[in-house]
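Peer 1: pasting a predicted model and its sequence here:
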Amino acid sequence: MRGHVLITGGGTGIGRAVAEVLGADHRVSLLGRRVEPLAAAAADLPQAAAFPADVTDPTSLAAAVEAARARFGPVGALVAAAGVSDTAPLARTEIAVLRQMFAVNVEGVLNAIKLVLPDMSAAGAGRIVVIASTAALKGYAYAGAYAATKHAALGLVRSLALETAKTGITVNAVCPGFTDTEMTAVSVRRIMDKTGRAQADAQAALAANSPMGRLIAPAEVADTVRWLMGPGASAITGQAIAVAGGEVM
């Protein structure tokens, strides 16, 4: 096995897809709030373990990272995939909802980075990949609060990339368009509830954001992460790589 990769939000969606892609060659620690999906994902990998933790709780997260480090050694790579979303017109967006999204999508990223960065600094090498969104690169009607959090997460990525540019650590964001995950399924159900559309029509409305006219597969996002983990991406840092079928250019 090569290095130790820590994945937040590793039990479902893009986080799980990343775990499946990296798990054949790396020791993988999966972190998340829900025990059952984490355990199921870890069971499918040759050398993986689940560590329940909430990225918004620094104490809980620190304990999970320490347990992961005790099991698999220093953390050589972080994939910050934990995230939440909500939709509403900005005029009806509750501050409490905005704060909760910031807690997960921004503070959760920073909490994880601060815990693993010492390992990478000591090794003189490391990879940090934040799963952001095309919402980090553009605005979305009825998703302004979510877009604000993803813009903020990208700001963290770009700033840390400059701070670590001479240390052997790279820091990048992968920005998927609408991806075929549980989070998108929730968005589809919201469209159905609000408009009365059939499921296929609601999903097509989201897929229409991409010039390819389809949802992104989680494995496509995971393959981009795998490339960023490799030696061929050692000069790639501070970037926001869109995996979105041409939606963002």
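Peer 2: The structure has been received and is ready for your questions.
Peer 1: V171 should be in a strand, yeah?
Peer 2: Yes. Applying DSSP: H, G, I helix; E, B strand; the rest coil, one finds V171 inside a strand.
Peer 1: from the chain's centroid, how far away is stretch 36-55?
Peer 2: Its chain's C-alpha centre and that of stretch 36-55 lie 16 Å apart, by C-alpha atoms, centre = their mean, to the nearest Å.
Peer 1: oops, could you answer that again for stretch 102-116 instead?
Peer 2: With C-alpha atoms, centre = their mean, you get 11 Å for stretch 102-116.
Peer 1: one more: stretch 130-140?
Peer 2: Averaging C-alpha positions (C-alpha atoms, centre = their mean) puts stretch 130-140 11 Å from its chain's average.
Peer 1: repeat for stretch 117-126
Peer 2: Relative to its chain's centre, stretch 117-126 lies at 21 Å (C-alpha atoms, centre = their mean).
Peer 1: check stretch 50-68 too.
Peer 2: 16 Å.
Peer 1: mind exporting it as CSV, just the C-alpha atoms?
Peer 2: Extracted in CSV, the C-alpha atoms of stretch 50-68 (Å, rounded to 0.1, in the frame of the first residue of the first chain):
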residue,chain,number,x,y,z
ALA,A,50,-14.4,3.9,9.4
PHE,A,51,-14.1,6.7,11.9
PRO,A,52,-17.4,8.4,12.8
ALA,A,53,-17.0,12.1,13.2
ASP,A,54,-18.7,15.4,12.6
VAL,A,55,-16.5,17.9,10.6
THR,A,56,-18.2,20.8,12.4
ASP,A,57,-17.1,19.5,15.8
PRO,A,58,-13.3,20.1,16.1
THR,A,59,-13.1,17.8,19.2
SER,A,60,-14.9,14.9,17.6
LEU,A,61,-12.9,15.4,14.4
ALA,A,62,-9.6,15.6,16.1
ALA,A,63,-10.3,12.3,18.0
ALA,A,64,-11.2,10.6,14.7
VAL,A,65,-8.1,11.8,12.9
GLU,A,66,-5.9,10.7,15.8
ALA,A,67,-7.5,7.2,15.7
ALA,A,68,-7.0,7.1,12.0
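Peer 1: what residues sit buried inside it?
Peer 2: By neighbour count on 16 or more other C-beta atoms under 10 Å, the buried set for stretch 50-68 is 50-56, 58, 60-61, 64-65, 67-68. Backbone N, C-alpha and C define where each C-beta goes, glycine included.
Peer 1: give the rounded mean pLDDT of that stretch.
Peer 2: Mean per-residue pLDDT for stretch 50-68: 97.
Peer 1: ditto for stretch 211-225
Peer 2: In this model, stretch 211-225 has an average pLDDT of 95.
Peer 1: let's have the buried residues of stretch 50-68 in a markdown table, adding secondary structure and distance to G10.
Peer 2: As requested, those are arranged in a markdown table below (DSSP: H, G, I helix; E, B strand; the rest coil; distance: C-beta to C-beta, whole Å):
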| residue | secondary structure | distance to G10 |
| --- | --- | --- |
| A50 | strand | 8 |
| F51 | strand | 9 |
| P52 | strand | 11 |
| A53 | coil | 10 |
| D54 | coil | 13 |
| V55 | coil | 11 |
| T56 | coil | 16 |
| P58 | helix | 18 |
| S60 | helix | 15 |
| L61 | helix | 13 |
| A64 | helix | 11 |
| V65 | helix | 13 |
| A67 | helix | 14 |
| A68 | helix | 11 |
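Peer 1: which residue lies nearest the spatial centre of the chain?
Peer 2: For the chain, the residue nearest the mean C-alpha position is A81 (2.1 Å; C-alpha atoms, centre = their mean).
Peer 1: which ones are touching it?
Peer 2: By C-beta atoms under 8 Å, 6 or more residues apart in numbering, the contact set of A81 is I7, T8, G9, G10, G13, I14, G15, V18, I131.
Peer 1: show me where the protein has helices.
Peer 2: For the chain, the helices defined by DSSP state H cover 13-22, 35-43, 58-72, 95-102, 108-123, 144-163, 182-195, 199-207, 218-229.
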